[in-house]
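# The following comprises the amino acid sequence and a computationally predicted model.
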Amino acid sequence: MRTNSLSRLAPSLTTFTVTVALGLGLGLTAAVSTAGCSKTKEPAKEAAKEPAVPAAPEPPKEPAKDQVEVFSWWTGAGEQEGLDAMIADFKSKNPTIEFINAAVSGGAGTNAKAILANRLQAGNPPDSYQRHAGLELADDIKAAKVEDLTKLVDAQGWRDKLPKGLLDAITIDGKIYSVPVNIHRANLIWFVPKTLQALGIAGPPKSWKEFMTQAATIKAKGKTALAIGPAWTQKHLLETVLLGELGPDKYTGLWNGKTDWKSAEVTAALDMYKAVLSVSDIKSSAADWQPAADRVIDGTAVYTVMGDWLDGYWGRAKKLAYKTDYDVTATPGSAGVYDFLSDSFTLPVGAKHHAAAEKWLIECGSVQGQDLFNPQKGSVPARTDADKSKYQGYLAAALKDWQDPATKIVGSLAHGVVANNALGAEIDTALGIYVENRDSAGFAGAVAKAYAATK
Ligand code: GAL
């Protein structure tokens, strides 16, 4: 393990270690042969007086520490506390393993994913990394970047503790490739009840059309209807407008080829997205999702569309009260639908601390790990047998909705469930152009082409 960790830090140290090891071996041979000659030959006697060459290397004073390097993008308030809670539990169960938190900041992993791709390319993977269940993970499986974890999953008895749909999203050809730690909901619109009251708005909008009507009132009173952040939050908004305008089946059809991107109804849904953007603060958009959310709390903006990690940020990190200081509901037109995503952890091929990485995965898959992580993070547990009493406020409602058989489940675009990385990247490029030129038909055409080319 020690040699491995050195080689990770600097390849030249590996050479050094190997040289020293060989040197000791040769020294030992020399000592034996000179001792064998010492009775007859003077020079050998001289040699015998030399300080004795140890027969074996001294054992290290302290046992070599094992370690595990875990890669994620959870550095923001709320998310970091969730990760820290799980790390603390991991450390108490594995006191001899040094935990290296290799988290890279930036919402939705925009920065982290680029760095990770370079590391994987260079053959220098962390010991475990965060990957969304779904097509984002499937790319890694197909590229043989992640190990088959079926044995571990079965040894831990996790298979029947995970919902079938989620299990499918981490399985290819019957083999399971990651350990899901949570379930997030993407289709949520957040607001401050007192702001709505002050504006004379009865409640959050039930359709995007109603949202636009409210936006006119909001604008007249000098506020922004919707706070938004960087490109990935614009993509996140796009999926919720498409979902609300098309409904869950046609939304899902966008990702399985059954809904034609170039149809009139998709163009109409995109025109609604354009309208929604026009009443947002996109021209001065926030640097990330937290500062966008801050605008809702300070009252300059009325709504923000974001996943339920915002509950971790407002409810736990900022200690705001659910229902009083803030409230949340399904994005317009998506009541009864759970637009889901799941953070899962992998064991990359070539991980240097395999056994320790498995220990980390065991933490992620355990009831205790999930029940420590998720209440802080603002997500519900991936496991079906977690302790419900740990999920209060918004999370109690989320857990109820997630487990309700009547809830319709669809997968997130912006968070890796329904689009592979190639299609996701094409959509990013096309969306960057679209938010500038607002050409709905042009965007639909670009996505249709990308979908055909990448499926
Ligand atoms: C998602 C991730 C969430 C949360 C969010 C904001 O992609 O799955 O756990 O971190 O980004 O950064």
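Thanks, I have it. Numbering: from 1, shown residues only.

# Where does pLDDT dip in this structure?
Residue ranges of the chain with pLDDT under 70: 1-64.

# Quick one: name the residues of it near the ligand.
73-74, 79, 107-109, 132, 184, 307, 309, 341, 343, 415 (C-beta under 6 Å from any ligand atom). Where C-beta positions appear, they are placed from N, C-alpha and C, glycine not excepted.

# quick one: which of these sit in helices?
79, 309 (DSSP state H).

# what's the distance between the residue nearest to residue 455 when sequence neighbours are not counted and residue 447?
Counting by C-beta to C-beta, 6 or more residues apart in numbering, the nearest residue to residue 455 once its immediate chain neighbours are dropped is residue 257, at 7.1 Å. To residue 447, residue 257 is 12 Å away according to C-beta to C-beta, to the nearest Å.

# Compare these two and say which one has the larger neighbour count.
Between residue 257 and residue 447, residue 447 has the larger neighbour count (other C-beta atoms under 10 Å), namely 22 against 11.

# May I have the secondary structure class of that one?
Classification of residue 447 using DSSP: H, G, I helix; E, B strand; the rest coil returns helix.

# The closest residue to it other than its chain neighbours: how many residues sit nearby?
In this structure, residue 447 finds its nearest non-sequential neighbour in residue 261, 5.1 Å apart by C-beta to C-beta, 6+ apart. Residue 261: 20 surrounding residues under other C-beta under 10 Å.

# Next, work out how far apart residue 261 and residue 442 are.
Distance, residue 261 to residue 442, using C-beta to C-beta: 12 Å.

# again, but for residue 169
Taking C-beta to C-beta, one finds residue 169 at 32 Å from residue 442.

# Those two: who's more crowded?
Taking other C-beta under 10 Å, residue 169 and residue 442 do not tie; residue 169 has more neighbours (25 against 14).

# Tell me where the stretch 151-300 of the chain has strands.
171-172, 175-176, 179-180, 182-185, 188-191, 224-227 (DSSP state E, counting those that start in this stretch).

# Quick check: buried residues in stretch 106-126?
106-110, 112-113, 115-116, 120, 125-126 (16 or more other C-beta atoms under 10 Å).

# TSV please, covering the strands of the stretch 151-300 of the chain and showing mean neighbour count.
Formatted as TSV, the strands of the stretch 151-300 of the chain follow (neighbours: other C-beta atoms under 10 Å):
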stretch	mean neighbour count
strand 171-172	16
strand 175-176	18
strand 179-180	28
strand 182-185	24
strand 188-191	22
strand 224-227	24
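
# Which of the ones you listed sits closest to residue 392?
Proximity to residue 392 (C-beta to C-beta) singles out strand 182-185 among those, at 16.1 Å.

# Please tell me how far the nearest residue to residue 297 once chain neighbours are set aside sits from the ligand.
Excluding the flanking residues, the one nearest residue 297 by C-beta to C-beta, 6+ apart is residue 192, at 6.6 Å. Taking C-beta to the nearest ligand atom, to the nearest Å as the criterion, residue 192 is separated from the ligand by 21 Å.

# ranges for the helices of the stretch 301-450 of the chain?
Using DSSP state H, counting those that start in this stretch, the helices of the stretch 301-450 of the chain run over 309-311, 354-365, 367-377, 394-403, 421-437, 440-454.

# that older thread, between the strands of the stretch 151-300 of the chain, which one is nearest to residue 321?
strand 188-191 (13.7 Å).

# Could you verify my assumption that residue 91 touches residue 98?
No - the criterion here is C-beta atoms under 8 Å, and residue 91 misses it with residue 98 at 9.0 Å.

# joint contacts of the two?
Residues touching both residue 91 and residue 98 by C-beta atoms under 8 Å, 6 or more residues apart in numbering: none at all.

# close enough to count as contact, residue 68 and residue 101?
No - with contact defined as C-beta under 8 Å, residue 68 does not reach residue 101; the gap is 9.9 Å.

# Which one of those two is surrounded by more residues?
Higher neighbour count among residue 68 and residue 101: residue 68, with 26 against 15, using other C-beta under 10 Å.

# Just give the closest residue to that one, not the sequence neighbours.
Nearest to residue 68 is residue 356, by C-beta to C-beta, 6+ apart, at 3.9 Å.

# and if you look at residue 233?
Closest residue to residue 233 apart from its sequence neighbours, by C-beta to C-beta, 6+ apart: residue 289 at 5.7 Å.

# Next: residue 427.
residue 447 (6.0 Å).

# For the residue nearest to residue 447, which residues are in contact?
Contacts of residue 261 (C-beta under 8 Å, 6+ apart): 254, 444-445, 447-448, 451.

# Widest-spaced pair of those residues?
254 and 445, at 13.9 Å, using C-beta to C-beta across the contacts of residue 261.

# out of the two, which sits in the busier spot?
residue 254 (24 against 15).

# Please tell me how far the more buried one sits from residue 419.
Residue 254 sits 9 Å away from residue 419 when distances are taken as C-beta to C-beta.

# How many residues are close by residue 403?
Using other C-beta under 10 Å, residue 403 is surrounded by 14 other residues.

# Tell me which residues touch it, please.
Contacts for residue 403 (C-beta under 8 Å, 6+ apart) come out as residue 384.

# Roughly how far does it sit from the ligand?
Separation of residue 403 from the ligand (C-beta to the nearest ligand atom): 20 Å.
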